[in-house]
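**Student:** I would like the atomic coordinates for the input below:
(chains A and B)
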Amino acid sequence: AQSVTQLGSHVSVSEGALVLLRCNYSSSVPPYLFWYVQYPNQGLQLLLKYTTGATLVKGINGFEAEFKKSETSFHLTKPSAHMSDAAEYFCAVSAGGNQFYFGTGTSLTVIP
Amino acid sequence: DTGVSQNPRHKITKRGQNVTFRCDPISEHNRLYWYRQTLGQGPEFLTYFQNEAQLEKSRLLSDRFSAERPKGSFSTLEIQRTEQGDSAMYLCASSLAARGGTDTQYFGPGTRLTVL
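**Tutor:** The predicted structure is shown next:
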């Protein structure tokens, strides 16, 4: 079975500071991992994904994530937060089928 | 590529009424998914189509819920005899079947349902 745990339902950072959003997964098979962002009253937008190959994945808007198998983690980072990054972020895992399992989300607040 | 579209964006209905939502996927995508998202939660899988065939249904999809994709293009999700617990955001996603690995799902803006 697959599942995702996102530690910290709310994260606040100052503008220009490092963003770190945590995601740990559980999967009985090699996982495929995704980060999505959701702005208020909108659908989910794909930020980045890990399927195979390089474990450091770069996405849109300056975000990146590193797949660490030993830690079963896929944390999302951005070196410098921007006001426009304020949103809800979801980590998702797939075992190669068609079902995605999402975490409960992390709300990011950027303080000016 | 116009993205995934959903209509209506908002629906307010009274308990006991039937509602229907529509999803238009990205045109070349052959897979279509429905999810439900309640406040403070991530999306939960409801059902999935490959072309016109409904291949998977979650236990969350009670008998009051039905989904169709008659021509393998757009899809509808109907909820009969709505209950207050059905209030949620209903998200549609589409993907192009990948050879091996997993698809990347692209989401629409969602339909927010409020049952009074």
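**Student:** For chain B, just list every one of the strands.
**Tutor:** B:5-7, B:10-13, B:19-24, B:31-37, B:44-50, B:53-57, B:65-68, B:75-79, B:88-95, B:106-107, B:111-115 (DSSP state E).
**Student:** With mean neighbour count added, can I get these in TSV?
**Tutor:** The C-beta positions use only the backbone N, C-alpha and C, and glycine is treated the same way. Below are the strands of chain B laid out as TSV (neighbours: other C-beta atoms under 10 Å in any protein chain shown):
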stretch	mean neighbour count
strand B:5-7	17
strand B:10-13	14
strand B:19-24	19
strand B:31-37	24
strand B:44-50	20
strand B:53-57	13
strand B:65-68	18
strand B:75-79	19
strand B:88-95	24
strand B:106-107	22
strand B:111-115	18
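**Student:** most centrally placed residue in chain B?
**Tutor:** residue B:34 (2.9 Å; C-alpha atoms, centre = their mean).
**Student:** which residues are in contact with the helix or strand that contains residue A:109?
**Tutor:** Here residue A:109, judged by DSSP states H and E, is contained in strand A:106-111. If you take C-beta atoms under 8 Å, 6 or more residues apart in numbering or on different chains as the criterion, strand A:106-111 is touched by A:6, A:8-15, A:19, A:21-22, A:81-83, A:85-90.
**Student:** So what sits opposite the residue nearest to the centre of chain B in the bridge?
**Tutor:** Applying DSSP bridges to residue B:34 gives these bridge partners: residue B:47, residue B:92.
**Student:** Which ones, among the contacts of strand A:106-111, also lie beside chain B?
**Tutor:** A:9, A:90 (C-beta under 8 Å from any C-beta of the partner chain).
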